[in-house]
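>>> sequence plus the predicted model coming up.
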There are 2 protein chains.
Amino acid sequence: MQNYKFLIEYDGTRYNGWQRLKNNDETIQGKIETVLSRMTDKPVQLTGAGRTDAGVHARGQVANAFLDTGLGEADIRAYMNRYLPEDIRILSVEKEDERFHSRFCAREKLYCYYISTGEKPSAFLRKYLYHPGAEALRGLDRERMVEAASLLTGRHDFKAFCGNKHMKKSTVREVRLIDIDFFPEKEIIKISYRGDGFLQYMIRIMTGTLLEVGLGKKEPSEIPDILASGDRERAGFTAPACGLFLEEISF
Amino acid sequence: MQNYKFLIEYDGTRYNGWQRLKNNDETIQGKIETVLSRMTDKPVQLTGAGRTDAGVHARGQVANAFLDTGLGEADIRAYMNRYLPEDIRILSVEKEDERFHSRFCAREKLYCYYISTGEKPSAFLRKYLYHPGAEALRGLDRERMVEAASLLTGRHDFKAFCGNKHMKKSTVREVRLIDIDFFPEKEIIKISYRGDGFLQYMIRIMTGTLLEVGLGKKEPSEIPDILASGDRERAGFTAPACGLFLEEISF
């Protein structure tokens, strides 16, 4: 059995997220496992680096699986691309050491969140942007968002920014960088998040919180209190999945 | 009655093209006329600069219409964007002189055709590219395509490149520029066409012909003969609509 690493791109619009669910194949993991199982004529278990939620997209998801196959890497990739639906694409297949584990070996993840600021989102990007409407964003202040982002950056307990109320494991994560870019010509705001890992909905809740701060509904200075409270009710709303992209995993 | 000029973007995937058809509202023109008629409570006739075919997209379509309304330009745009489907977006609305006519006043049009050269097209761009498959494009020679393109450029009778067999009007057009760009990193080829106007399917047939020349199925030196013959059967295949974008109209 050889360990293989896959670099994967997907349009998450019509999927129930990365993680396979019982009796539900409409997940990215499920789709890929089905194709790999057919290819090798054996059950295959795929391990993803980031468990993206329903509707979240990826340009750089990484996963690995142990396969028993005589096919070379290029043929494995060609087989997968042929039998996977058109909204899932395998960018590369590489052999890896048996100790390589997509989730445990991931050192850093980069996610980006895209917001449309115009009257109407682009006809071509509409499925890949959050569009609250130009009215709802009136007066949005980038400086306030940057100040709040700097207070979110660092090693903290992000329990207040976790969508899973019954999370039993540690909710401490290190956010290494939050970049907020306004592109007025394109009517797009891009928020980039780098960190060692993110809790469920954490990026979407941070995005909602940054928007609320930018709109004056919260003060940047409230961020340390929100973090310390561990109270999900005190953080901002959960921004929708369609604007979120898993861009890159570093090992 | 005031003459208004509209700059329009659309994803043509689910439409029967620009031009309104009897008993069929699934056209871009039909959708926009319906919204403008409701806005003004009067029938409205819209004139488009380019009659894009079924499935063709636009980033810079221009149209004009005479409207009787008390609304300002920004309010007209907001109304249209609100009631038009999400795959049609009005980029701008401007008042124009009564003599302005989108089709007759257009001096030059820029169309671009996008081809995916990889094993599988991008999960995000798949609806906006023609994907013949990497195998089908093996050995594609850009220099041969450039040579053929230079022979297509100029003022010619393009009858052999016209999809309408019963075309009664002149089939003479001036193609001012054909640029062929290979982007190997993105696995995309972009062919740009500038001209005073294009016949039905003309860009798609020129694209098919350039691909056949690039693959060695035709010689660049055949182009003058194909043009002179006026015979549709001698030109190349009609490349699919999904790769074609109306990018810009100059007045």
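That came in fine, so what should we check first?
>>> how far does the helix or strand harbouring A:Y79 sit from its chain's centre?
A:Y79 belongs to helix A:73-83 when elements are defined using DSSP states H and E. Helix A:73-83 has its C-alpha centroid displaced from the chain centroid by 25 Å (Cα atoms, centre = their mean, to the nearest Å).
>>> could you do stretch A:153-162 as well?
16 Å.
>>> and that stretch, what's buried?
Buried residues in stretch A:153-162, counted by 16 or more other Cβ atoms under 10 Å in any protein chain shown: A:153, A:156, A:158-162. Backbone N, C-alpha and C define where each C-beta goes, glycine included.
>>> where does pLDDT dip in chain A?
Applying pLDDT under 70 to chain A flags residues A:23-24.
>>> return the residues of it in contact with chain B.
Applying Cβ under 8 Å from any Cβ of the partner chain, we find that chain A lies next to chain B at A:9-11, A:57, A:77-78, A:81, A:86-90, A:119-124, A:126, A:128.
>>> which among those residues count as buried?
Among the residues of chain A next to chain B, those buried by neighbour count (16+ other Cβ under 10 Å) are A:9-11, A:57, A:77-78, A:81, A:87-90, A:119-124, A:126, A:128.
>>> about what we covered before: which secondary structure elements does the helix holding A:Y79 contact?
For helix A:73-83, the packing partners by 3 or more Cβ pairs under 8 Å, 6 or more residues apart in numbering or on different chains; DSSP states H and E come out as strand A:2-10, helix A:28-40, strand A:88-96.
>>> any buried residues in the longest one, and which?
The one in question is helix A:28-40. When burial is assessed from 16+ other Cβ under 10 Å, helix A:28-40 yields the following buried residues: A:28-33, A:35-37, A:39-40.
>>> now do stretch A:138-147
Here stretch A:138-147 shows A:140, A:144-147 as buried, counting by 16+ other Cβ under 10 Å.
>>> out of the buried residues of stretch A:153-162, which one sits closest to chain B?
Nearest to chain B out of the buried residues of stretch A:153-162 is A:F161 (Cβ to the nearest Cβ; 27.7 Å).
>>> show me chain A divided up by domain.
Following automatic domain parsing, one finds the domains of chain A at A:2-96, A:108-250.
>>> could you check how far the residue of chain A positioned farthest from its centre is from chain B?
The C-alpha centroid of chain A is most remote from A:G70, which lies 33.1 Å away (Cα atoms, centre = their mean). From A:G70 across to chain B, the span is 20 Å (Cβ to the nearest Cβ, to the nearest Å).
>>> just A:S170 next, same as before
Taken as Cβ to the nearest Cβ, the span from A:S170 to chain B is 33 Å.
>>> and A:E233, by the same measure?
Separation of A:E233 from chain B (Cβ to the nearest Cβ) stands at 33 Å.
>>> mind listing what that residue touches?
By Cβ atoms under 8 Å, 6 or more residues apart in numbering or on different chains, no residues touch A:E233.
>>> ditto for A:G163
Contacts of A:G163 (Cβ under 8 Å, 6+ apart): A:199-202, A:204-205, A:232, A:238.
>>> name the element A:I226 belongs to?
Per DSSP H and E: A:I226 is located in helix A:223-229.
>>> so how far is that helix from its chain's centroid?
How far helix A:223-229 lies from its chain's middle: 23 Å, per Cα atoms, centre = their mean.
>>> what's the answer for stretch A:242-251, then?
Taking Cα atoms, centre = their mean, one finds stretch A:242-251 lying 5 Å from the centre of the chain it belongs to.
>>> contact partners of that stretch?
With contact meaning Cβ under 8 Å, 6+ apart, stretch A:242-251 is reached by A:13, A:49-50, A:52, A:55-62, A:100, A:102, A:105-115, A:127-130, A:192, A:203-204, A:207.
>>> can you select the buried ones from these in PyMOL?
Applying 16+ other Cβ under 10 Å to those leaves a buried subset, and the PyMOL line that selects it is:
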select buried, chain A and resi 49+50+52+55+56+57+58+59+60+61+62+100+102+105+106+109+110+111+112+113+114+115+127+128+129+130+203+204+207
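>>> among the contacts of stretch A:242-251, name the ones in helices.
Within the contacts of stretch A:242-251, residues falling in helices by DSSP state H are A:203-204, A:207.
>>> okay if I get those as TSV plus distance to A:S221?
Shown next, in TSV, are those (distance: Cβ to Cβ, whole Å):
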residue	distance to A:S221
A:I203	22
A:R204	23
A:T207	19
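>>> and which of the residues you listed is nearest A:E185?
In terms of Cβ to Cβ, no member of the ones in helices among the contacts of stretch A:242-251 lies closer to A:E185 than A:T207, at 21.7 Å.
>>> looks like that closest one contacts A:S192 (just checking).
No. In this structure A:T207 lies outside contact range of A:S192 using Cβ atoms under 8 Å: 11.0 Å.
>>> A:R144 contacts A:V213, doesn't it?
Yes. Applying Cβ under 8 Å, one finds A:R144 in contact with A:V213, separated by 5.2 Å.
>>> which neighbours do these two share?
Taking Cβ under 8 Å, 6+ apart as the criterion, A:R144 and A:V213 both touch A:P220.
>>> quick one: the strands in chain A?
A:2-10, A:47-48, A:57-67, A:88-96, A:108-116, A:154-157, A:172-183, A:188-195, A:244-250 (DSSP state E).
>>> who wins for proximity to B:K5 among the ones you listed?
Of all the strands of chain A, strand A:108-116 comes closest under Cβ to Cβ, at 24.4 Å.
>>> what lies in contact with that closest one?
Strand A:108-116 is contacted from outside by A:49-50, A:60, A:122, A:125-126, A:128-132, A:137, A:176, A:187-198, A:203-204, A:207, A:211, A:239, A:243-250, using Cβ under 8 Å, 6+ apart.
>>> follow-up on the earlier one: against A:T40, how distant is the residue farthest from the centre of chain A?
Distance of A:G70 to A:T40, computed by Cβ to Cβ, to the nearest Å: 10 Å.
>>> check A:T52 too.
Distance of A:T52 to A:T40, computed by Cβ to Cβ: 25 Å.
>>> one more: A:D97?
A:D97 sits 20 Å away from A:T40, going by Cβ to Cβ.
>>> go on, A:Y128?
Distance, A:Y128 to A:T40, using Cβ to Cβ: 33 Å.
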